[in-house]
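Colleague: using only what follows, build the 3D model:
(one chain, ligands or ions: 1)
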Amino acid sequence: MLLTDARVRAAYAEGAGIYRILPTAVAIPENQDDVVALVHQARESHLALIPRGAGSGMPGGNVGNGVIVDLSAGFSDLVIDPHRRTARAGASVSWAEVNDAAKPYGLRLPPDPSSGAFATSGGMVATNAAGPRTVRYGSIRSWVEAVEVVEADGTVRLVKRGAENGGKFALTAACRRLIADRFPKTRKNSSGYALDRFAESGGEIDLLIGSEGTLAIITQVHWRLDPIPPDVAGAALGFADLESMADAVPHLVSLQPSALELLDESLLQFVPDAPKVACLLLVEVERETAAAARGVVDDAVRGLKQAVTHVETAVNRAGLEQLWSVRREASPALSRLPPTQRSLQLVEDGCVPLNALGAYVAGLRAVADRRGIPVAIFGHAGDGHVHVNALPDTTRDGWRDALRGLFDDVTDLLIRLHGVPSGEHGVGRLRAGILERFYGPEVMQLFRDVKRAYDPLSILNPGVIIPATDWSPVAALKVGAGAAVIPEDIATRLREVERSAAWATPKLELAH
Ligand SMILES: Cc1cc2nc3c(=O)[nH]c(=O)nc-3n(C[C@H](O)[C@H](O)[C@H](O)COP(=O)(O)OP(=O)(O)OC[C@H]3O[C@@H](n4cnc5c(N)ncnc54)[C@H](O)[C@@H]3O)c2cc1C
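Modeller: Take a look at the predicted model:
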């Protein structure tokens, strides 16, 4: 059942993100019984299990030196219930597959990760994924009705929302006060166990969502679906400086857009034909009628007449697709850059309170200048959530130290602005060592208590969320002289997967 061939292990050594770590073995379970058997085997032989979907997660939660458990293929059942507006999806089913099946009934899963073509149901729940439409419809968390899991002792359970049962972990009144006090008040958060949401709902499901494979292995997800709004309109608004963009965001959020995205000039420079502005906001508005949607866009444009230097509007879905092409072209452009500007996701997911958005982007630019590492900045402006790709020259001496400096400076900046290090990608290995700085030692102790309650032997994804003792954000990089050695043809194919975002590729194929 465990594949230990060197080429197979190499094919699973990388995910999206910056790491390359050779696993001890790979397992490809075909059903729930296989997963249960793997858990028992892991308990007996003290093996670490690393649950994995498509491998598109950024912070290294999908790689490690234990056994990779590839759940991207064996769990592909999908049933839509149009009357109850639900979908029952195996862990392997992607966001796109759920939506393709729901569309004929006029339904959809509203949060829309840009990785929806390949992100699996298991992976999205495990990271509490999100997307442009989260500004209006919330993250994946709001749309999960139940999860079927295999626990660290091999028990299979269906954990439902509304079942007000803390499961293996309970909070005292003092803990609740601590959580209320210490959890940052950002609009999005995928940084550690969601104790704030758990305290609010009392439902164990809120601990499991966003637990990044460290508490249980998800085999099935019950999704809640929503009717597709009939009409849509939108605009692209260009600004001459950061301040006017940041000032415009609260006005735009008050109009309840279904998406409000930021593209900074540091990113726009890589997109041919992008407008020449300091920053661009892309707005999408969904309403019950075309007139209502257009009305909101008109209000948005009128309200910002003095502030914008560039305006384009769209009155239907086709027009909007056209406006948003600049957003779609940005990521592939970055991933194709040469080693002198290698795009690395190191500080890629910080989220701050909305009123700190301008200060965060300005701070990012300053820190990047100081460390001599160019950055490309974009993100979900309406949620104060900013993606940053670091673009170091990996052919120059000292780039790794500069990268570490950038990581530390951005961490300081986020703490100063009361932000969180991850809005949607998760903590993974990358950010495990800084969580305590954001939440303080008492909350970190609660995180450890949660982990111990669910996984006392620490067989599920050790080193993720709860840091390993030798934690370093820049150890085990896939780039540079120190990268683990794997067969060159496999390294080339993994790079190609990354460049073309072909994460749906069965990883076993890369080994053959
Ligand atoms: C081009 C690109 C664009 C992206 N855009 C977005 C975006 O818009 N929004 C967003 O939120 N993310 C985005 N991501 C990140 C990524 O796609 C998401 O984090 C996604 O949810 C990961 O799904 P996956 O199936 O690839 O999971 P993996 O990467 O395989 O795993 C991610 C984490 O989930 C755990 N996990 C996976 N499956 C299970 C399971 N069945 N049971 C328990 N734990 C499990 C893993 O252990 C790991 O910690 C993007 C990535 C890329 C490459």
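Colleague: what about the strands in the stretch 51-200 of the chain?
Modeller: Counting by DSSP state E, counting those that start in this stretch, one finds strands in the stretch 51-200 of the chain at the ranges 67-70, 78-81, 86-90, 107-108, 144-151, 156-160.
Colleague: deepest-packed of these, please.
Modeller: Highest mean neighbour count among the strands of the stretch 51-200 of the chain (mean count of other Cβ atoms under 10 Å): strand 67-70, with a mean of 26. (Each C-beta comes from the backbone N, C-alpha and C, glycine too.)
Colleague: give me the pLDDT for Arg328.
Modeller: On the pLDDT scale, Arg328 is placed at 85.
Colleague: Glu321 now?
Modeller: Here, the pLDDT recorded for Glu321 equals 91.
Colleague: mind checking the end-to-end distance for stretch 501-512?
Modeller: Distance between the two ends of stretch 501-512: 20 Å, counting by Cα to Cα, to the nearest Å.
Colleague: in that stretch, what counts as buried?
Modeller: 501, 503-505, 507-508, 510-511 (16 or more other Cβ atoms under 10 Å).
Colleague: which positions in the stretch 51-200 of the chain make contact with the ligand?
Modeller: Taking Cβ under 6 Å from any ligand atom as the criterion, the stretch 51-200 of the chain approaches the ligand at residues 51-58, 61-62, 71, 91, 113-115, 119-120, 122-124, 126-127, 129-131.
Colleague: which residue sits farthest out from the middle of this protein?
Modeller: Gln306 (35.2 Å; Cα atoms, centre = their mean).
Colleague: low-confidence ranges, the stretch 51-200 of the chain, go.
Modeller: Applying pLDDT under 70 to the stretch 51-200 of the chain flags residues 164-166.
Colleague: inside helices: which ones of the residues of the stretch 51-200 of the chain next to the ligand?
Modeller: Counted as lying in helices by DSSP state H, out of those, are 122-124, 126-127.
Colleague: for the ligand, give me its nearest residue in the stretch 151-300 of the chain.
Modeller: Nearest residue of the stretch 151-300 of the chain to the ligand (Cβ to the nearest ligand atom) works out as Gly213 at 2.7 Å.
Colleague: state the next helix or strand along the chain beyond the helix or strand containing Ser266.
Modeller: Assigned by DSSP states H and E, Ser266 belongs to helix 265-268. Scanning forward in sequence from helix 265-268 by DSSP H and E, the next helix or strand is strand 279-287.
Colleague: any idea which helix or strand carries the one residue sitting closest to the centre of the chain?
Modeller: The centroid of the chain falls nearest to His425 when counting by Cα atoms, centre = their mean (2.3 Å). Using DSSP H and E, His425 is not contained in any helix or strand.
Colleague: so what's it up against?
Modeller: Residues in contact with His425 (Cβ atoms under 8 Å, 6 or more residues apart in numbering) are 57-59, 127, 190, 345, 348-349.
Colleague: same check, this time on Ile486
Modeller: So Ile486 contacts 10, 13, 20, 22 (Cβ under 8 Å, 6+ apart).
Colleague: does the third one touch Gly482 like I think?
Modeller: In this case it means Arg20. No. If you go by Cβ atoms under 8 Å, Arg20 and Gly482 don't touch, sitting 9.7 Å apart.
Colleague: run the chain-centre distance for stretch 489-501.
Modeller: Chain-centre distance of stretch 489-501: 20 Å, with Cα atoms, centre = their mean, to the nearest Å.
Colleague: now stretch 317-334
Modeller: Distance, centroid of stretch 317-334 to centroid of chain: 20 Å (Cα atoms, centre = their mean).
Colleague: residues touching it, excluding its own?
Modeller: 114, 232-236, 261, 263, 267-268, 270-275, 280, 282, 284, 312-314, 343, 376, 378, 389, 391, 499-501.
Colleague: list the buried residues for that stretch?
Modeller: Neighbour-count burial for stretch 317-334 [16+ other Cβ under 10 Å]: 320, 323-324, 326-327, 330-331, 333-334.
Colleague: what of stretch 235-247?
Modeller: 235-239, 242, 244-246.
Colleague: pull the most distant pair out of these.
Modeller: Ala235 and Leu242 (19.0 Å; Cβ to Cβ).
Colleague: out of the contacts of Ile486, flag the one nearest to the ligand.
Modeller: The closest of the contacts of Ile486, once distances to the ligand are taken by Cβ to the nearest ligand atom, is Ala13, at 13.4 Å.
Colleague: the closest one - how many residues pack around it?
Modeller: Look at Ala13: counted by other Cβ atoms under 10 Å, it has 24 neighbours.
Colleague: quick check: phi and psi at it.
Modeller: Here is the backbone geometry of Ala13 (degrees, to the nearest 10): phi -80, psi -20.
Colleague: three-state assignment of Leu510?
Modeller: helix (DSSP: H, G, I helix; E, B strand; the rest coil).
Colleague: pretty sure Pro59 is touching Arg431, no?
Modeller: Yes. If you go by Cβ under 8 Å, Pro59 and Arg431 touch, sitting 5.8 Å apart.
Colleague: shared neighbours of these two, anything?
Modeller: Shared contacts of Pro59 and Arg431 (Cβ under 8 Å, 6+ apart): Ser422.
Colleague: the ligand contacts on the stretch 201-350 of the chain?
Modeller: Within the stretch 201-350 of the chain, the positions near the ligand by Cβ under 6 Å from any ligand atom are 212-213, 217-218, 331.
Colleague: closest point of the stretch 351-500 of the chain to the ligand, which residue?
Modeller: Glu424 (3.6 Å).
Colleague: residues in contact with that residue?
Modeller: 113, 127-131, 134, 139, 188, 190, 349, 385.
Colleague: tell me which of the contacts of Ile486 fall in helices.
Modeller: Per DSSP H, those map to helices at Ala10.
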